[in-house]
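K.L.:
next one to model:
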Amino acid sequence: MINISQAVEERLTRDDVALIAAQKGWLNFSSYARAIQPELQRLLHKNVQEGSIVTALSRIAAQSHRHQQDIATTDMIQSLSVHSNLEGMTYERTTDVSAKIRDIYQKINVDNKTYLTVTQGMNEVTVVAEPRVAQIFRDSLDVAHMIYDKRALVGITAKFTVGNLEVPNLIFALTRRLAYKNINIIEIVSTATEITYMIEKKDLAIALEQLQKDI
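P.N.:
Below is the predicted model:
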């Protein structure tokens, strides 16, 4: 059986708007406590005092604020780079599709400046590449079941050090910046020290502005 503090923490972390307001010092703890009091009482099967909820909220917000400050002020991003004029396609994954993709890799001529990423999931395969390379995949996979074909994309890559793999919520903190501006993320591609957001060209300027904050 969870206690009041655990129940309050679970409830607050499910409420993104309230959590951010608490971290920024904008949340009225008393009003929020009254709002979630009936829900907590049903969950815990007992009366829960407003003051107990406020105390728990204050402690959780303080801890969360310190953690978010560490993420915001630490210089973790080494660089940002933009890959312009990209195209993305997703196909149903089959044995034949996987085999053809291996053949394409062997035949195409790309250098280390050519952007190409292939992500194979359980049921789908996504290819993101420059138009010349993307068209090679389209032509070779013309009989495969295409799920979507998206043009006019750009990729923004944030590069980190390996040590930042141990930093919780780093990717969330960056993704949230784009979410604040209602930027549609088409794909996310990551390696150990890089994360690339695939977005529409029209959103490039505002996305760069958001990701450059606190760098």
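
K.L.:
how about residue 98, what does it touch?
P.N.:
Going by Cβ atoms under 8 Å, 6 or more residues apart in numbering, residue 98 touches 120, 125. To be clear about C-beta, it is placed using only N, CA and C from the backbone, and glycine gets the same treatment.

K.L.:
confirm it sits in a helix?
P.N.:
Yes. The assignment for residue 98 by DSSP: H, G, I helix; E, B strand; the rest coil puts it in a helix.

K.L.:
okay, now the sheet partners of the helix or strand hosting residue 88, with direction.
P.N.:
Element membership for residue 88, per DSSP states H and E: strand 79-92. Here strand 79-92 is paired, per DSSP bridges, with strand 124-129 (antiparallel), strand 146-159 (antiparallel).

K.L.:
for residue 62, which of the ones you listed is the nearest?
P.N.:
strand 146-159 (28.7 Å; Cβ to Cβ).

K.L.:
all strands for this structure, in order.
P.N.:
Here the chain has its strands, by DSSP state E, at 79-92, 116-120, 124-129, 146-159, 185-190, 194-200.

K.L.:
could I get those strands as JSON lines with distance to residue 53, mean pLDDT and mean neighbour count?
P.N.:
Formatted as JSON lines, the strands of the chain follow (distance: least, Cβ to Cβ, whole Å; pLDDT from 0 to 100; neighbours: other Cβ atoms under 10 Å):
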{"stretch": "strand 79-92", "distance to residue 53": "41", "mean pLDDT": "94", "mean neighbour count": "17"}
{"stretch": "strand 116-120", "distance to residue 53": "44", "mean pLDDT": "91", "mean neighbour count": "16"}
{"stretch": "strand 124-129", "distance to residue 53": "44", "mean pLDDT": "95", "mean neighbour count": "21"}
{"stretch": "strand 146-159", "distance to residue 53": "38", "mean pLDDT": "94", "mean neighbour count": "16"}
{"stretch": "strand 185-190", "distance to residue 53": "35", "mean pLDDT": "93", "mean neighbour count": "16"}
{"stretch": "strand 194-200", "distance to residue 53": "37", "mean pLDDT": "95", "mean neighbour count": "19"}
